[in-house]
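Novice: need a 3D model of the sequence below.
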Amino acid sequence: MDCLIDWPEPVVRVQSLSESGSATVPPRYIKPPADRPCFDSGAAREVNIPIVDLSAGESEAAAAVSAACRDWGFFQVVNHGVSRELMNGGREVWREFFHLPMAEKQIYANLPATYEGYGSRLGVEKNAIFDWGDYYFLHFRPLYLKSHDKWPLLPASLRETVEEYGKELRRLSERVMGLMSLGLGLESRRMREEFGGEEAAGVCMRVNYYPKCPQPNLTLGLSSHSDPGGITVLLPDSRVPGLQVMHGGAWVTVQPHADAFIVNVGDQVQVLSNAVYRSVEHRVVTNSEAERLSMAFFYNPRSDLPLKPMPELVSPTRPAMYQPMSFNEYRIYIRKRGPQGKSQLESLKSFTV
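Specialist: As a prediction, the model looks like this:
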């Protein structure tokens, strides 16, 4: 844990690099050729992730969610009950924050132990290749992790807007988790129980800010990874697509549906479902013409509970595929190394598989 006390090198804000006017990205941001994005259009890029209408009946919505979790690990939800005004208001207050003077933002500079606050890198490996993006990370639950000292005072409406947004997204996350459970043939509360119950679940948010990049073909806004937690509910930038999902061996650029949230399966749900549901690698590409902002809301298990495949989904013909590990142990690994594909999840596989 000593390596999580501070960053191993001085933190450089990507927004400052972008606004410097340089025509090139620094070498520390250039990805190896195999990891660089490809912007060529192709058949796979014309496909989009499934769209699920939450105003449909419960059984129909559960079936659609389940199919998407099995095949894609990603889907968009519409008619979700969160107001357009709150969605747009959330985007706007965070966009205003990232355009504040640097001195105002630096007050909230974060550390790797909790990530809470204003950040520009993930992982503490020295001499790592960085991603082209800044972010702001906040905890909602458990309450002992929530520090209002890390909630920006400016813009003036930010705290109130974020509190309301957190309440609505927590409600939506619990609803989606219920549909996922039903899609496995279980009671709607079953997966939330494994997370420790609704009051014990971990709830947090990362606002991602991707400034303009002079060489988007050489770098990534966020490297390929699967999300380590339970589920992620993402409010994308509706103006500038940038999220790419791995499907069928190819990268698919997600085209956001109007007023939709993008939901994806995290590693902990793959473990609980005994790999019936799949967490899928995804990444973010940058743009030379426009900045991007997205808001990722994470609904996670209680950090100290060992998670393993649910017994209802284990049988002689489908034995437990993963060894138990608490989310706290799991995310320490992630915080040390940063985005590394699905290497951590693969390390949990039982030797008998």
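Novice: in this structure, mark out all the strands, start to finish.
Specialist: Along the chain, counting by DSSP state E, strands occupy 51-53, 74-78, 117-119, 134-141, 202-210, 222-225, 231-235, 243-247, 250-253, 261-265, 282-284, 292-300, 306-307, 325-326.
Novice: just give me the lowest mean pLDDT stretch among those strands.
Specialist: Mean pLDDT values for these show the minimum at strand 325-326, a mean of 88.
Novice: who's in contact with that strand?
Specialist: 303-307, 348 (CB atoms under 8 Å, 6 or more residues apart in numbering). To be clear about C-beta, it is placed using only N, CA and C from the backbone, and glycine gets the same treatment.
Novice: mind listing the strands that strand pairs with, and their directions?
Specialist: Using DSSP bridges, strand 325-326 pairs in its sheet with strand 306-307 (antiparallel).
Novice: which parts of the biggest helix by length in the chain are buried?
Specialist: Of all the segments of type helix in the chain, defined by DSSP state H, the longest one is helix 158-183. For helix 158-183, the neighbour count (16 or more other CB atoms under 10 Å) marks 158, 161-162, 165-166, 168-170, 172-183 as buried.
Novice: next one: that helix to chain centre, how far?
Specialist: 14 Å (CA atoms, centre = their mean, to the nearest Å).
Novice: quick one: it to strand 292-300, angle?
Specialist: Helix 158-183 and strand 292-300 are oriented at 60 degrees to each other (axes from the mean of the first three to the mean of the last three CA atoms, to 10 degrees).
Novice: which elements pack onto helix 158-183?
Specialist: Counting contacts by 3 or more CB pairs under 8 Å, 6 or more residues apart in numbering; DSSP states H and E, helix 158-183 packs against helix 58-71, helix 84-98, strand 134-141, helix 190-194, strand 202-210, strand 231-235, strand 292-300.
Novice: format those as a markdown table; extra columns: mean neighbour count and distance to V14.
Specialist: Output for the helices and strands packed on helix 158-183, formatted as a markdown table (neighbours: other CB atoms under 10 Å; distance: least, CB to CB, whole Å):
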| stretch | mean neighbour count | distance to V14 |
| --- | --- | --- |
| helix 58-71 | 19 | 32 |
| helix 84-98 | 17 | 11 |
| strand 134-141 | 22 | 5 |
| helix 190-194 | 21 | 36 |
| strand 202-210 | 23 | 8 |
| strand 231-235 | 24 | 20 |
| strand 292-300 | 24 | 12 |
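Novice: closest one to H282 among the ones you listed?
Specialist: The closest of the helices and strands packed on helix 158-183 to H282 is strand 231-235. By CB to CB, the value is 9.5 Å.
Novice: the closest one - contacts with which helices or strands?
Specialist: Going by 3+ CB pairs under 8 Å, 6+ apart, strand 231-235 lies up against helix 84-98, helix 158-183, strand 261-265, strand 292-300.
Novice: please name the nearest non-neighbouring residue to L243.
Specialist: V254 (4.5 Å; CB to CB, 6 or more residues apart in numbering).
Novice: need the helices and strands packed on helix 158-183 in TSV (columns: distance to V284).
Specialist: Supplementary listing: the helices and strands packed on helix 158-183 in TSV, determined by distance: least, CB to CB, whole Å:
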stretch	distance to V284
helix 58-71	20
helix 84-98	16
strand 134-141	11
helix 190-194	27
strand 202-210	7
strand 231-235	10
strand 292-300	8
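Novice: out of these, flag the one nearest G249.
Specialist: Distance to G249, taken as CB to CB, is lowest for helix 58-71 among those, at 13.9 Å.
Novice: distance between the closest one and the chain's centre?
Specialist: 20 Å.
Novice: where does L145 land on pLDDT?
Specialist: Confidence for L145, expressed as pLDDT, is 82.
Novice: and stretch 316-325, what's buried?
Specialist: 320-322, 325.
Novice: for G133, state which of these is nearest.
Specialist: Closest to G133, out of all of these and judged by CB to CB, is M325, at 28.1 Å.
Novice: roughly how far apart are that closest one and R278?
Specialist: 18 Å (CB to CB, to the nearest Å).
Novice: so in the protein, where's the weakest helix or strand by average pLDDT?
Specialist: When each helix and strand of the chain is scored by mean pLDDT, DSSP states H and E, helix 343-347 comes last, with a mean of 57.
Novice: thought Y108 was touching P152?
Specialist: Yes. Counting by CB atoms under 8 Å, Y108 touches P152, with 6.1 Å between them.
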